[in-house]
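Participant: the following block contains a protein sequence and its predicted model.
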Amino acid sequence: GAVVSQHPSWVICKSGTSVKIECRSLDFQATTMFWYRQFPKQSLMLMATSNEGSKATYEQGVEKDKFLINHASLTLSTLTVTSAHPEDSSFYICSARGGGRAPGLSSTDTQYFGPGTRLTVL
Amino acid sequence: GENVEQHPSTLSVQEGDSAVIKCTYSDSASNYFPWYKQELGKRPQLIIDIRSNVGEKKDQRIAVTLNKTAKHFSLHITETQPEDSAVYFCAASMGTGNQFYFGTGTSLTVIP
């Protein structure tokens, strides 16, 4: 239980294009999903918190018009990097927190991470 | 807001020895403290967690201790093995629905 998938795992795109990353909770309902960015050898930097059916809450310094987050269902959240630039190249990881009892979930406090998406903008 | 500090940033131990990683937090309202292990290029994996109503929790070779008064918690790995080599992150949270505040990570190397 508690499996979170992320797609794609790796994407290379040209500067100026938009990239969509999907995060899915496969065997539980995720009332809250989190999007992180991680630079090499650094910690996880929270970008935004996404609750199903409502607008995402962005951390200070994160441009909400550039990083569009949609959490339309209890199992899917998407992050779209719009007009990507080389400085947006990074490892993007989502996590999901369960909203109720499900097999394999230790608690509703725990976040389960997706495998991450490595974005390279040329 | 919450501030989590983690030490050391790097740690090398001989196989079979113990490893200890320490974290401190600033907000006494934090009540949930998970530890994650992240191997290179992979996702963080939850290895153990503890709540503020418990002082210690153990799972085989891994244990976590919490001192609420001093606002610090520690990860203990005994009988280390090469496969324990990874980056370990501590985190603090104020419970269900609240974000995690992560430490800066500890890169553990277990030397065979």
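Facilitator: Arrived safely, thanks for sending.
Participant: so residue A:82 sits right up against residue A:68, yeah?
Facilitator: Yes. Counting by C-beta atoms under 8 Å, residue A:82 touches residue A:68, with 6.2 Å between them. Using the backbone N, CA and C atoms, a C-beta is placed for each residue, glycine as well.
Participant: could you pull out the strands for chain A?
Facilitator: With DSSP state E as the definition, chain A shows strands at residue ranges A:4-7, A:10-13, A:19-25, A:30-38, A:44-51, A:57-58, A:67-73, A:76-81, A:90-98, A:111-113, A:117-121.
Participant: so for residue 61, what's the pLDDT?
Facilitator: Assuming you mean chain A. Model confidence at residue A:61, given as pLDDT, is 93.
Participant: oops, chain B please
Facilitator: Residue B:61 is assigned 97 on the pLDDT scale.
Participant: same question, residue B:105
Facilitator: Looking at residue B:105, its pLDDT reads 96.
Participant: does it really touch residue B:86, like I thought?
Facilitator: No. Using C-beta under 8 Å, residue B:105 makes no contact with residue B:86, being 9.9 Å away.
Participant: shared neighbours of the two, anything?
Facilitator: Taking C-beta atoms under 8 Å, 6 or more residues apart in numbering or on different chains as the contact rule, residue B:105 and residue B:86 both touch residue B:38.
Participant: where does pLDDT dip in chain B?
Facilitator: Applying pLDDT under 70 to chain B flags residues B:96-97.
Participant: swap in 80 and give it another go.
Facilitator: Applying pLDDT under 80 to chain B picks out residues B:1, B:95-97.
Participant: give me phi/psi at the residue lying closest to residue B:30 once chain neighbours are set aside?
Facilitator: The shortest distance from residue B:30 to any non-neighbouring residue, by C-beta to C-beta, 6 or more residues apart in numbering or on different chains, is to residue B:92 (4.1 Å). Dihedral pair for residue B:92: phi -130, psi 140, per degrees, to the nearest 10.
Participant: same thing with residue B:47?
Facilitator: phi -110, psi -30.
Participant: residues near residue B:72, how many?
Facilitator: Other residues near residue B:72 number 16, with proximity taken as other C-beta atoms under 10 Å in any protein chain shown.
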